[in-house]
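*Asks:* Take a look and give me a structure for this.
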Amino acid sequence: MVTLNSEFIVADQSVANHGIADADSTALCVHELFERQAARSPDAVAVVFRNRTLSYRQLNDRANHVAHYLRQRRIGPDVLVGVALPRSPELLVGLLGVWKAGAAYVPLDPSYPAERLDLMVRDAGLSLLLTNQTSCPLFSASPVKTICLDDDGSTIDQGSSANPASMAKPGNLAYVMYTSGSTGQPKGVMVTHGGLANYLHWAIGAYGFVAGRSAPVHSSISFDLTVTSLYPPLLVGGYVELLEEDIGAQNLLDFMRRGEPDTVIKLTPAHLDLLNHQLSPAEMGAMTGALVIGGENLAAESLRPWRRYAPAVRLFNEYGPTETVVGCCVHEVGNEDSGRGSVPIGRPITNTTLHILDAEMRRAPPGVSGELYIGGMGVALGYLNRPQLTEKRFIADPFSGDTGARLYKSGDRARLREDGILEFLGRTDHQVKVGGYRIELGEIEGNLADHGGVKSCVALAPEESPGHRQLVAYVVRKGAGGPSGKDLESFLKQRLPEFMVPRKYVFIDALPLTTNGKIDRQSLLDMSSDPEAVSGAATPQSGSATEEKIAAIWRGLLGLDAIALGADVFDLGARSLQAVRAVTHLRTTFAVDIQLRHIFANPSVAGQASVIDGLLWLARQRVPAASSRELEEFEL
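*Replies:* Below is the predicted model:
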């Protein structure tokens, strides 16, 4: 539902009252909306984690304890409080508690390197951090006071359980979320309560969150994709199911196989590909609800099995930078959509405007590509402590009659079709999406250049197969005997999150240049097949017949000319999707029922050969339907 003005599109406001019943709910903050729902359904389940549950009353009371505790320490509007907790009920208690105190939270993923966490703490100027005893040592070098919700819980719980008077307003900060930065340091995006409430209000109606139904949370709180699953259920009487950290999205897979009715699941295209390889048509067909896919470009081919086998599942492609609150544009896939190419990003959400402009800020007509500029309630306040960057990316809106209205310069290329649907065409700079995470290649390069043995470097993310990229670092070393790929990988792991660390390193004598003196990135891409340049590459080794066949499978999946039998395939660049594909190849090659969990438990060729040889031995003993479960019983 859009108004088309040949150059930009505006969401129809008639959808604004779906979902939350209160007419004034867009003027309320999320914690206030949650309090209203807690009053309506105090005994309903709000959170599920393992075998633990919290009712709405329990979650609200515990968050109130935290809020009063924080207010006693003069925590209030626009004060930033760090939250470093794993997925658990305490995470939601902490997040809601910060909001109820009137403050804003800064999510800090405990899986990040301590050095990066310290950088974020210092950049945000945090004076207070909510964490637990397990994560507390990560901040021993940081100038921040830590409050452990498990260790200090008895003291916190002595406070009032009553809802504190609300201090935060829609224009106050709700959270500051750090994203990759081109300068070599992450940058904090300042999101307001009003922008967040607008998105959640819209998402509840658009995606069909309803009372009594669950939504799984399987991704990091430092990834804004998580916002879509974490908060909407709590505003309508549903419940959040927090899934434990795992590899290969196996907990999400188990959740989906349970066939929970009418659930809304948020995931990335990479997650979707994992599920496509592991769910059977019957398992897909048993599902209802919605899949909301976001984070990077979505290929229509990835949706093909869902459109065929799961007609009761609604499919949404959601687009939106962190700077515009999770999602600002969405497309629901219908029968009229093509099964090839990229899925459109669709139309704007409520209270959002989208403009396609050329380099001179002139409006591009339908069919002509340009840069996408985003306006409306979801536009963030800017970047924390980055006034120059904020001024560059958040500009005055020349098309709005509202004083102070701004547009976010997305850096994404897009095109408006004649029917009012937007198509995503790629980036205008060197920012990439890998596994759903937005990555500034300059941040990788900046950290890599800090290594004493690196003279110069470039990071790229070549597309190894449609829709799948892998980070590659091209390095000029200082003199002979410089660092190896393993050395550089270990160095970066101390500074960057796992998803930003390249697994391939190409060593060259000098960076190639174009005729105008710029780095010739295409020439660098042509060098990436050099087997000596790949971290973990090995000289050919002879092994058993089983090992040789397994090694051949992994060489093909990883693009290597050789692989050591004892090398960890994940150290060589394998990701969850390659592991899933390896399972498929291994089952076909050896006619055995090897499971994905055995790939993670046995990440080397030799280890996987041991598992497969055990399964083959069972088959020779005429054990019917030899399986990995029987293998475990034999303790092979």
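*Asks:* residue contacts, G248?
*Replies:* Contacts of G248 were listed using C-beta atoms under 8 Å, 6 or more residues apart in numbering, and they are 274, 576, 579-580, 596, 600. Placement of C-beta: from N, CA and C, glycine included.
*Asks:* from those, which would you call buried?
*Replies:* With burial judged by 16 or more other C-beta atoms under 10 Å, the buried subset of the contacts of G248 is 274, 576, 579-580, 596.
*Asks:* Please flag which of the residues you listed sit within helices.
*Replies:* The subset of the buried ones among the contacts of G248 located in helices under the criterion DSSP state H comprises 274, 576, 579-580, 596.
*Asks:* remind me which residues of the stretch 301-450 of the chain are low pLDDT?
*Replies:* 430 (pLDDT under 70).
*Asks:* the helices in it, which residues?
*Replies:* Counting by DSSP state H, counting those that start in this stretch, the stretch 301-450 of the chain has these helices, from start to end: 304-309, 387-393, 441-449.
*Asks:* repeat for the stretch 501-636 of the chain
*Replies:* Taking DSSP H, counting those that start in this stretch as the criterion, the stretch 501-636 of the chain carries its helices at 521-527, 545-558, 576-590, 596-601, 605-620, 628-633.
*Asks:* Export these as CSV, with columns for mean pLDDT and distance to S222.
*Replies:* Output for the helices of the stretch 501-636 of the chain, formatted as CSV (pLDDT from 0 to 100; distance: least, C-beta to C-beta, whole Å):
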stretch, mean pLDDT, distance to S222
helix 521-527, 77, 29
helix 545-558, 88, 28
helix 576-590, 86, 19
helix 596-601, 85, 23
helix 605-620, 86, 32
helix 628-633, 48, 34
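*Asks:* Quick one: closest of the ones you listed to V434.
*Replies:* Comparing those by their distance to V434 (C-beta to C-beta), the top pick is helix 576-590, with 11.7 Å.
*Asks:* chain center to that closest one: distance?
*Replies:* 25 Å (C-alpha atoms, centre = their mean, to the nearest Å).
*Asks:* For it, buried residues please.
*Replies:* Residues of helix 576-590 classed as buried under the neighbour-count rule (16+ other C-beta under 10 Å) are 576-583, 585-586, 590.
*Asks:* circling back: minimum distance to D150: which of the helices of the stretch 501-636 of the chain has it?
*Replies:* Counting by C-beta to C-beta, D150 lies closest to helix 596-601 out of those; the figure is 28.6 Å.
*Asks:* The closest one packs against which elements?
*Replies:* For helix 596-601, the packing partners by 3 or more C-beta pairs under 8 Å, 6 or more residues apart in numbering; DSSP states H and E come out as helix 576-590, helix 605-620.
*Asks:* Secondary structure class of W202, three-state.
*Replies:* Under the three-state scheme (DSSP: H, G, I helix; E, B strand; the rest coil), W202 adopts helix.
*Asks:* What count of nearby residues applies to it?
*Replies:* The number of residues packed near W202 is 27, by other C-beta atoms under 10 Å.
*Asks:* Looks like it contacts T350 (just checking).
*Replies:* Yes: applying C-beta atoms under 8 Å, one finds W202 in contact with T350, separated by 4.5 Å.
*Asks:* so can I have JSON lines of the helices of the stretch 501-636 of the chain showing distance to A27?
*Replies:* As requested, the helices of the stretch 501-636 of the chain are exported to JSON lines (distance: least, C-beta to C-beta, whole Å):
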{"stretch": "helix 521-527", "distance to A27": "48"}
{"stretch": "helix 545-558", "distance to A27": "52"}
{"stretch": "helix 576-590", "distance to A27": "42"}
{"stretch": "helix 596-601", "distance to A27": "47"}
{"stretch": "helix 605-620", "distance to A27": "57"}
{"stretch": "helix 628-633", "distance to A27": "55"}
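*Asks:* The residue nearest the centre of the chain: what's it in contact with?
*Replies:* For the chain, the residue whose C-alpha lies nearest the mean C-alpha position (C-alpha atoms, centre = their mean) is F223; its distance is 4.5 Å. Contact analysis of F223 by C-beta under 8 Å, 6+ apart lists 436-437.
*Asks:* While we're on it, how confident is the model there?
*Replies:* We note a pLDDT of 90 for F223 in this prediction.
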